[in-house]
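Student: any chance you could fold what I've pasted below:
(2 chains)
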Amino acid sequence: MTNEELKKLLGGLVSKTSEQVRPGLADQIKHQIPRRLPWHKGRMDTINIIVDLRINRFAAAAVIILALILFASVLGGRDSGGLYSDSKLVAEYLFGGNKLSETGVAAGMSKYKSLAAQGRDVVFYGEFIDPEDGEAVLMQWKLGDGNYRVMFGDLRQKTVTAEQLIRLQSRMLLKKEK
Amino acid sequence: MEQIGESAHLIDGNMGRNGLDGILEKGRDLLAEDLREGSPAAATKLVDKYYEQIYRYMRRLGHGRQTSEDLTQESFLRAWQHTEQLRNGRALNGWLYRIAGNVSRLYWRRGKGKGAVSIEGFELSQTDDGQVEQAEQDEQLERLNKAIGELPLKLKEAIILHYMQQLTISEAAQAQGVREGTCKSRLNRALERLRKQLG
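Tutor: Below is the predicted model:
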């Protein structure tokens, strides 16, 4: 049997295996469409492209933030002093060690929104934690295996058990009380 | 004369096909964009356009009828949650079939699908007009279907995606998460095995 004959035979098999689909299946699926679907728009494209280029995520974030600052300054929205201080803020965020800056909270918030949109069980503590504490739990979300994924103030991520999470939260509360 | 020229231009085989492809492409782009924006109407449109295809894909992969329905539903549920992975309309087929393939593989991996092929395989419709030639072809189709079922999963998926679900090589490659070259090589290996088995 030649390849051509085989391909022809495969074509014949298509119609033979095209069985009728149960009427009502489409409606059954449509009934499960969530009222609110995740929303993804242009800005995610830029992030995805940069991450696709296998650039480190922090570098990708820096590129995006600096591009936005430059764009604003070109349009005349910022003076040179503003540009300098914004750049300093970015540098501080990227290289400043375990210090939680406003930028960190904003980045965390963006991650939180994305996870919440996916319907994940996520809790965000951005408004309650000390912005100077890089060890503070910025947010947590539950994983399928019962463990939790935690994002710290310095944007590090770690998978912890429920018990470890409670310890982290207690530590955070004790620090807050002080 | 101008009008005749214009009509001739429109009905010209290649141009006509290109024009139609362009319209289809545009439609897929709009659907992809709406899905990314979280439009429930687009999700409905996605179901209307693809539910039969995905159900038949599951069946051809060897799942039983009820399981195929369940896995089709599961595929759409996952698709709605992963619209961020959908780049544009051109990627629509590859994206959805990749999700469906993952759902199917996960099902096999959990061991739930054991025996599904033998219990509820296809019953290929036999022609009853008594013609010897037709009966021979039916028999060949039956043997081919069985041989496809016995292929290693990756080869089976490639054959089904390209030859039965009619995806392009590029879409089939995307659906399998491999490069086009890998997909072509899988198709060649699958054809070779099928040829040997069918004699």
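Student: please count neighbours and contacts with C-alpha atoms only from this point.
Tutor: Will do.
Student: buried set for stretch B:27-40?
Tutor: B:28-29, B:31-40 (16 or more other CA atoms under 10 Å in any protein chain shown).
Student: next one: that stretch to chain centre, how far?
Tutor: 21 Å (CA atoms, centre = their mean, to the nearest Å).
Student: repeat for stretch B:160-174
Tutor: 6 Å.
Student: ends of it, how far apart?
Tutor: 14 Å (CA to CA, to the nearest Å).
Student: just confirm yes or no for that stretch near chain A.
Tutor: Yes - residues of stretch B:160-174 contacting chain A under CA under 8 Å from any CA of the partner chain: B:163-165.
Student: would A:Lys158 count as being in a helix?
Tutor: No - according to DSSP: H, G, I helix; E, B strand; the rest coil, the state of A:Lys158 is strand, so it is not within a helix.
Student: OK, contacts around it?
Tutor: By CA atoms under 8 Å, 6 or more residues apart in numbering or on different chains, the residues touching A:Lys158 are A:149-151.
Student: so which of the buried residues of stretch B:27-40 reach chain A?
Tutor: Near chain A, by the rule CA under 8 Å from any CA, you find B:36-40 out of the buried residues of stretch B:27-40.
Student: tabulate the buried residues of stretch B:27-40 (CSV), appending secondary structure and pLDDT.
Tutor: Formatted as CSV, the buried residues of stretch B:27-40 follow (DSSP: H, G, I helix; E, B strand; the rest coil; pLDDT from 0 to 100):
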residue, secondary structure, pLDDT
B:Arg28, helix, 85
B:Asp29, helix, 85
B:Leu31, helix, 89
B:Ala32, helix, 89
B:Glu33, helix, 86
B:Asp34, helix, 87
B:Leu35, helix, 88
B:Arg36, helix, 85
B:Glu37, coil, 83
B:Gly38, coil, 84
B:Ser39, coil, 86
B:Pro40, helix, 87
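Student: now those residues as a markdown table including distance to B:Leu92?
Tutor: Formatted as a markdown table, these follow (distance: CA to CA, whole Å):
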| residue | distance to B:Leu92 |
| --- | --- |
| B:Arg28 | 7 |
| B:Asp29 | 8 |
| B:Leu31 | 9 |
| B:Ala32 | 7 |
| B:Glu33 | 11 |
| B:Asp34 | 12 |
| B:Leu35 | 10 |
| B:Arg36 | 11 |
| B:Glu37 | 15 |
| B:Gly38 | 15 |
| B:Ser39 | 16 |
| B:Pro40 | 17 |
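Student: show me the domain layout of chain B.
Tutor: B:1-122, B:125-199 (automatic domain parsing).
Student: could you give the separation of the first one from the chain centroid?
Tutor: Mean C-alpha position of domain B:1-122 versus that of the full chain (CA atoms, centre = their mean) differs by 8 Å.
Student: got the buried residues for whatever helix or strand B:Ala79 lives in?
Tutor: Using DSSP states H and E, B:Ala79 sits within helix B:65-81. Under the neighbour-count criterion of 16+ other CA under 10 Å, helix B:65-81 has B:65, B:67-69, B:71-77, B:79-81 buried.
Student: now these as TSV including pLDDT?
Tutor: Converted to TSV, the buried residues of helix B:65-81 look like this (pLDDT from 0 to 100):
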residue	pLDDT
B:Arg65	92
B:Thr67	94
B:Ser68	95
B:Glu69	95
B:Leu71	96
B:Thr72	96
B:Gln73	95
B:Glu74	95
B:Ser75	95
B:Phe76	94
B:Leu77	93
B:Ala79	92
B:Trp80	88
B:Gln81	87
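Student: just give me the closest of those to B:Asp48.
Tutor: Nearest to B:Asp48 out of the buried residues of helix B:65-81 is B:Phe76 (CA to CA; 11.1 Å).
Student: for that closest one, give me its contacts.
Tutor: A:29, B:47.
Student: what do you get for the one 3 residues further on?
Tutor: If a contact means CA under 8 Å, 6+ apart, then B:Ala79 has B:96, B:99 as its contacts.
Student: and the helix or strand harbouring B:Arg98 with helix B:65-81, angle?
Tutor: Assigned by DSSP H and E, B:Arg98 falls within helix B:92-109. If you take axes from the mean of the first three to the mean of the last three CA atoms, to 10 degrees, helix B:92-109 sits at 130 degrees to helix B:65-81.
Student: check which residues of helix B:92-109 are buried.
Tutor: For helix B:92-109, by 16+ other CA under 10 Å, it's B:92-101, B:103-104, B:107.
Student: that helix and chain A in contact?
Tutor: No - using CA under 8 Å from any CA, helix B:92-109 stays clear of chain A, coming no nearer than 14.3 Å.
Student: find the helix or strand that B:Glu136 is a member of.
Tutor: helix B:132-149.
Student: closest to chain A out of the residues of stretch B:160-174 next to chain A?
Tutor: B:Met164 (5.3 Å; CA to the nearest CA).
Student: burial measure for that closest one, as a count.
Tutor: Close neighbours of B:Met164, defined as other CA atoms under 10 Å in any protein chain shown, add up to 21.
Student: please apply the same query to A:Gln164.
Tutor: A:Gln164: 13 neighbours (other CA under 10 Å).
Student: so it sits in a helix?
Tutor: Yes - checked against three-state DSSP, A:Gln164 lies within a helix.
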